[in-house]
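Peer 1: 3D model of this:
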Amino acid sequence: MRYVLIDTANMFFRARHTAFRASDPWEKVGVALHTTLMSANKVVKRFEADHVVFALEGRSWRKDHYKPYKANRTAARAALTEAEAEEDKMFWETYDNLTKYLSERTNCSVLRCPTAEGDDIIARWINLHPQDEHIIISSDTDFVQLLASNVKQYNGITDELITMEGIFDAKGKPVIDKKTKEPKKIPDPAWLLFEKCMRGDTSDNVFSAFPGVRTKGTKNKVGLTEAFEDRNTKGYNWNNIMLQRWTDHNGNEHRVLDDYERNRALIDLTHQPQDIKDIVDLAIIEQVSHKDIGQVGVRFMQFCGKYELNRCSDNADSFGRWMNETYKGVLNVSG
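Peer 2: As a prediction, the model looks like this:
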């Protein structure tokens, strides 16, 4: 089976940014909806998916494990003007209407776990379907860590397919690096994950485990590269980095290894606490689409009419084909 796994919030709010030229908030909502649906239709057709999965956001368990997690986004929302806040509310309401429609009026799997993010759902879906092929639809670089022989990522912003073999354009040709004039290569996913766990993630407000650490070591100092190469044996270079201590601006002492393990739990999509894995797996098992909803095409036309999505309704047959496809896979619940 081949699954297209859509990071729904990422796709919708990427589409929102394409609507900024519209002056009327209602028009912006329509453009964002239109772009989201047309983007989904495009990738499903391109990758010939057997079934489509929409992964939704819940309140992240990470906020309970690490208080600063995404706290920067709360501050950003608080800084919105009254008009911006009203527009933001309208977009979220439209997003909720879209996901409700997909869940109740199509045969796609629409998955949400109250205590987990869409990233967690996608990671656990892949774990529950180890023999199947998966195409992750997202511009989020966090998903690169999940790449494998049966897992690829499509970035709709760059129109690139990211695989273990390389990065390919819409015609299936290798993307050429403008500087080297050579085909682009993806860095080792294990290295990217290790580096992010060490340096933190500013977009999610995850602090560095070792501020100021060098990537490449010097004659007298070990760097991240040397520690990474020593990660399996846990020898001198690993311990030289991980057992160091540093003091933050509040006077609190940190051991690098402790903060690294904290960050790994937050960032590594295969390293969530076991109870979180169990909760997400149960949500997937309970919500995976065994629906057999009829008149999917008619219901799609009604949704398009509500939001004046004329171009989408003109392609109703194309949308209807994949929105009508039920889940026919097998869950590997022992995984």
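
Peer 1: what about residue 214, which helix or strand?
Peer 2: Residue 214 belongs to no helix or strand when assigned by DSSP states H and E.

Peer 1: Name the nearest residue to it, sequence neighbours excluded.
Peer 2: Leaving aside its chain neighbours, residue 214 sits nearest to residue 223 (4.2 Å; criterion: C-beta to C-beta, 6 or more residues apart in numbering). (C-beta placed from N, C-alpha, C; glycine too.)

Peer 1: Report the buried residues of the helix or strand bottoming out on mean pLDDT in the chain.
Peer 2: Within the chain, no helix or strand scores below helix 71-78, which has a mean of 82 by mean pLDDT, DSSP states H and E. Of the residues in helix 71-78, none count as buried by neighbour count, 16 or more other C-beta atoms under 10 Å.

Peer 1: List the contacts of the residue sitting nearest the centre point of the chain.
Peer 2: The centroid of the chain falls nearest to residue 119 when counting by C-alpha atoms, centre = their mean (4.5 Å). Applying C-beta atoms under 8 Å, 6 or more residues apart in numbering to residue 119 gives the contacts 7, 55, 140, 142, 143, 269.

Peer 1: Nearest to residue 231 among those?
Peer 2: residue 269 (18.0 Å; C-beta to C-beta).

Peer 1: what secondary structure does the closest one sit in?
Peer 2: Put simply, residue 269 is coil when judged by DSSP: H, G, I helix; E, B strand; the rest coil.

Peer 1: What residues does it make contact with?
Peer 2: Here residue 269 is in contact with 119, 120, 122, 123, 142, 143, 145, 146 (C-beta under 8 Å, 6+ apart).

Peer 1: so how far is residue 59 from it?
Peer 2: Using C-beta to C-beta, to the nearest Å, residue 269 is found at 18 Å from residue 59.

Peer 1: List only those of the contacts of residue 119 flagged as buried.
Peer 2: By 16+ other C-beta under 10 Å, these give 7, 55, 140, 142, 143, 269 as buried.

Peer 1: Now for the residue nearest to the first one when sequence neighbours are not counted, how many residues are close by?
Peer 2: The one in question is residue 7. Distances taken as C-beta to C-beta, 6+ apart place residue 138 nearest to residue 7, at 3.6 Å, with adjacent residues excluded. When neighbours are defined as other C-beta atoms under 10 Å, residue 138 has 24 of them.

Peer 1: what's the pLDDT at residue 138?
Peer 2: Per-residue pLDDT puts residue 138 at 98.

Peer 1: I figured it was touching residue 152, is that so?
Peer 2: No: applying C-beta atoms under 8 Å, one finds residue 138 not in contact with residue 152, separated by 11.4 Å.

Peer 1: Next, find the distance separating the residue lying closest to residue 296 once chain neighbours are set aside from residue 38.
Peer 2: In this structure, residue 296 finds its nearest non-sequential neighbour in residue 324, 4.5 Å apart by C-beta to C-beta, 6+ apart. Distance, residue 324 to residue 38, by C-beta to C-beta: 18 Å.

Peer 1: Kindly report the same for residue 186.
Peer 2: 27 Å.

Peer 1: now do residue 260
Peer 2: Residue 260 is 42 Å from residue 38, by C-beta to C-beta.

Peer 1: Which of the two has more residues huddled nearby?
Peer 2: residue 260 (19 against 16).

Peer 1: Can you report how many residues lie near the nearest residue to residue 19 once chain neighbours are set aside?
Peer 2: Distances taken as C-beta to C-beta, 6+ apart place residue 31 nearest to residue 19, at 3.7 Å, with adjacent residues excluded. For residue 31, the count of nearby residues is 18 (other C-beta under 10 Å).

Peer 1: Residue 318: helix or strand, and which one exactly?
Peer 2: helix 316-323.

Peer 1: so where's the protein shaky on pLDDT?
Peer 2: 20-23, 334-335 (pLDDT under 70).

Peer 1: where along it do the strands fall?
Peer 2: Counting by DSSP state E, the chain has strands at residues 2-7, 51-55, 109-111, 133-137, 151-155, 160-163, 166-168, 245-247, 253-255.

Peer 1: So for residue 278, which of these sits nearest?
Peer 2: strand 109-111 (15.3 Å).

Peer 1: tell me which strands and helices that closest one is in contact with?
Peer 2: For strand 109-111, the elements it packs on are strand 51-55, helix 82-105, helix 274-287, judged by 3 or more C-beta pairs under 8 Å, 6 or more residues apart in numbering; DSSP states H and E.

Peer 1: switch the cut-off to 6 Å
Peer 2: Under the contact criterion of 3 or more C-beta pairs under 6 Å, 6 or more residues apart in numbering; DSSP states H and E, strand 109-111 touches strand 51-55.

Peer 1: Can you name the residues in contact with the strand it packs on?
Peer 2: Applying C-beta atoms under 6 Å, 6 or more residues apart in numbering, the external contacts of strand 51-55 come out as 3-6, 8, 44, 102, 108-111, 118, 121-122, 322, 325, 327.
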